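Asker: Next comes the sequence, and after it the predicted model I'd like to discuss.
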Amino acid sequence: MTTVEQTVTTTNNFLRTVIDEDLKSGKHSGIVTRFPPEPNGYLHIGHAKSICINFGLARDFGGRCHLRFDDTNPAKEEQEYIDSIMESVRWLGFDWGQHLYYASDNFEQLYQWAVYLIEQGKAYVEDLTAEQIRAYRGTLTEAGTESPHRTRSVEENLDLFSRMRAGEFPDGSRVLRAKIDMASPNINLRDPVLYRILHASHPHVGDAWKIYPMYDFAHGQTDAIEGITHSIFTLEFESHKPLYEWFLNNLPVPARPRQYEFARLNLTYTVMSKRKLQELVQLGTVSGWDDPRMPTLVGIKRRGYPATAVRAFCELIGVGRSDSWIDVSILEECVRSDLNESAPRAMAVLRPLKLVIDNYPVDQSEEFQAANHPQKPEMGSRNISFSREIWIDGDDFMEVPSKGFHRLIVGGEVKLRSGYIVKCTGVVKDNEGNIVELHGEYDPASREGIHTADGRKVKGVIHWVSAAHAVTAEVRLFDRLFSDPNPDRGGADYKQFLNPGSVETLPFCKLEASLAGSDVETRYQFERQGYFRQDPKDSLPGKLVFNRIVTLRDVWGTKK
Ligand code: ATP
Ligand code: MG
């Protein structure tokens, strides 16, 4: 057990305390957790919290974590989701090794256990309709009413249940229920449904079954079969715990897993319901589950969030038992601080405005050396070309400067990052008065530093690229998908809170030449702009497309 002590380096939480005690007391010699997604959608950032908890605990305590598909509802489940879930868990950096399971692999055992309950007089076949069952169930304040079929004989129940399995009855005509307590204050114990008839093809077991177990009847027993020691749920399952335990107590299961609950992740400016995310995809509001604005793991991966940043975020927010909201800016800050360390710098002009350096020879060019990271000489440097015509950002010039504007104005000087000091000498406009070009002069003595030859100091430093050398790219500036902190709040349609400016596409950005050969995986800091990476789907050899991963600073607060 010394290894346990040594490996636990991360922040403590109540689950760690429980596990620590269970290992110290000898209750368990090792721990087994599981991440149990239902393959009915893509994973999102909330699932990342659960994945990090389950796989993280197994890693830190030298145990193991299973990936288990909770596939009890074939109506909504698809192989596409199974594949993407596995890919996302791996992307997050976790590995289930050989411990990949499907709840559906236990369908025969679960069926036998249902038969066992019938034989014990603890389950019966129900003929009431779904509506009648609901009406008989009672309310939070009123006890339920026992069904007339509750007293069926064991023989009749066994016969009907086997005929349900054989596919003799239509969908919805009968269910199997546990016989527990119709007066229980916990509604989950009022004879819960165990099996329903569903003539549906299942993505994992095909057409073998005409009846499917309910989630509650499958989950705890599957935990027991797999030898899960600590079964970790989100808080809304707290009221299911007595049922979870009722099954373990009333069936000859091989182990006694224990259920624990933690608070789910709620993130501002986001919706996380799979149903709503699916709706956004179906309506075409987003381009797919992997749209870079989506909170799905495939979305944030495509956008360029590093998996390390997502794990750091999950670690930072911790594990508690009270529901709370996490501001999305905390996630963004994790991404920013990760990329600030790792991203090489590059220059990109997103809203190009040409500056012609009149005192620089027409056919000449020269190179400057620029560090790839200001604090990390080990990341090396690259050459950037300078020539007579350069692109600067339209935002870095003002004809009528506002107070405190330290960038380019007519008659003023700025330092080109890693290049010369230039002065603006004039503006060219079209017939409508739009600025189409600037003219200027460079100071040949200013190759290094921010001081001119005569010692004048220049305040503003701007980024730029040589027009003759630049590569053109489309850049997509992503912003939050919703403009309200809680688009999900009661009653209102969450779609009314969609942020109309959640993406701005700039088709003709000018990038330094070194980015032409950049690879898709590298995330860059475009100096003074933010962090960017090539879009892995849309960026092609002839057409560069970059996604903005995150801005350089948190500008959301100041924007409002
Ligand atoms: P649904 O059950 O409505 O389809 P779900 O989001 O609960 O949606 P599951 O596939 O059941 O989807 O989730 C897998 C695991 O992830 C579960 O253990 C669940 O508790 C956990 N999980 C889901 N959403 C969150 C969240 N926002 N924060 C933390 N854990 C979550
Ligand atoms: Mg669920």
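Answerer: All right, it came through fine. Ligands and ions are numbered 1, 2, ... in the order given.
Asker: give me the residue from this protein nearest ligand 1.
Answerer: G46 (2.3 Å; CB to the nearest ligand atom). For every residue, glycine as well, the C-beta is placed using N, CA and C.
Asker: For that residue, list the residues it contacts.
Answerer: Contact analysis of G46 by CB atoms under 8 Å, 6 or more residues apart in numbering lists 264-267, 272, 295.
Asker: Now, those that are in strands?
Answerer: Cross-referencing the contacts of G46 against strands under DSSP state E gives 266-267.
Asker: Please pick the buried ones from the contacts of G46.
Answerer: By neighbour count, with 16 or more other CB atoms under 10 Å, these hold 264-265, 267, 272, 295 as buried.
Asker: ok, back up a step: averaged pLDDT, the strand or helix carrying the residue of the chain closest to ligand 1. What do you get?
Answerer: Assigned by DSSP states H and E, G46 falls within helix 45-60. Averaging pLDDT along helix 45-60 yields 97.
Asker: how about it: buried residues?
Answerer: Of the residues in helix 45-60, those buried (16+ other CB under 10 Å) are 45-60.
Asker: Stretch 406-419 too?
Answerer: Judged by neighbour count using 16+ other CB under 10 Å, the buried positions of stretch 406-419 are 407-410, 412-419.
Asker: swap in stretch 501-520?
Answerer: 502-503, 506, 509-515, 518.
Asker: In JSON lines: the residues you listed, plus secondary structure, distance to D554 and pLDDT.
Answerer: Below are the buried residues of stretch 501-520 laid out as JSON lines (DSSP: H, G, I helix; E, B strand; the rest coil; distance: CB to CB, whole Å; pLDDT from 0 to 100):
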{"residue": "S502", "secondary structure": "coil", "distance to D554": "17", "pLDDT": "97"}
{"residue": "V503", "secondary structure": "strand", "distance to D554": "19", "pLDDT": "97"}
{"residue": "L506", "secondary structure": "strand", "distance to D554": "21", "pLDDT": "98"}
{"residue": "C509", "secondary structure": "strand", "distance to D554": "23", "pLDDT": "98"}
{"residue": "K510", "secondary structure": "strand", "distance to D554": "27", "pLDDT": "98"}
{"residue": "L511", "secondary structure": "strand", "distance to D554": "25", "pLDDT": "98"}
{"residue": "E512", "secondary structure": "coil", "distance to D554": "26", "pLDDT": "97"}
{"residue": "A513", "secondary structure": "helix", "distance to D554": "31", "pLDDT": "95"}
{"residue": "S514", "secondary structure": "helix", "distance to D554": "29", "pLDDT": "94"}
{"residue": "L515", "secondary structure": "helix", "distance to D554": "26", "pLDDT": "95"}
{"residue": "S518", "secondary structure": "coil", "distance to D554": "26", "pLDDT": "88"}
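Asker: List the contacts of Y305.
Answerer: Contacts of Y305 (CB under 8 Å, 6+ apart): 335, 549-550.
Asker: In strands, which of those appear?
Answerer: Reading strands off the contacts of Y305 with DSSP E, I get 549-550.
Asker: Return the residues of the chain in contact with ligand 1.
Answerer: 36-38, 40, 46-47, 49-50, 233-234, 264-265, 272, 274 (CB under 6 Å from any ligand atom).
Asker: rerun that using 5 Å as the cut-off
Answerer: Proximity of the chain to ligand 1 (CB under 5 Å from any ligand atom) is limited to residues 37-38, 46-47, 49-50, 234, 264-265.
Asker: Report the two of the residues you listed separated the most.
Answerer: E38 and L265 (17.3 Å; CB to CB).
Asker: what about the residue of the chain most remote from its centre, distance to D443?
Answerer: Computed with CA atoms, centre = their mean, the residue of the chain farthest from its C-alpha average is D454, at 54.0 Å. Going from D454 to D443 by CB to CB, to the nearest Å gives 9 Å.
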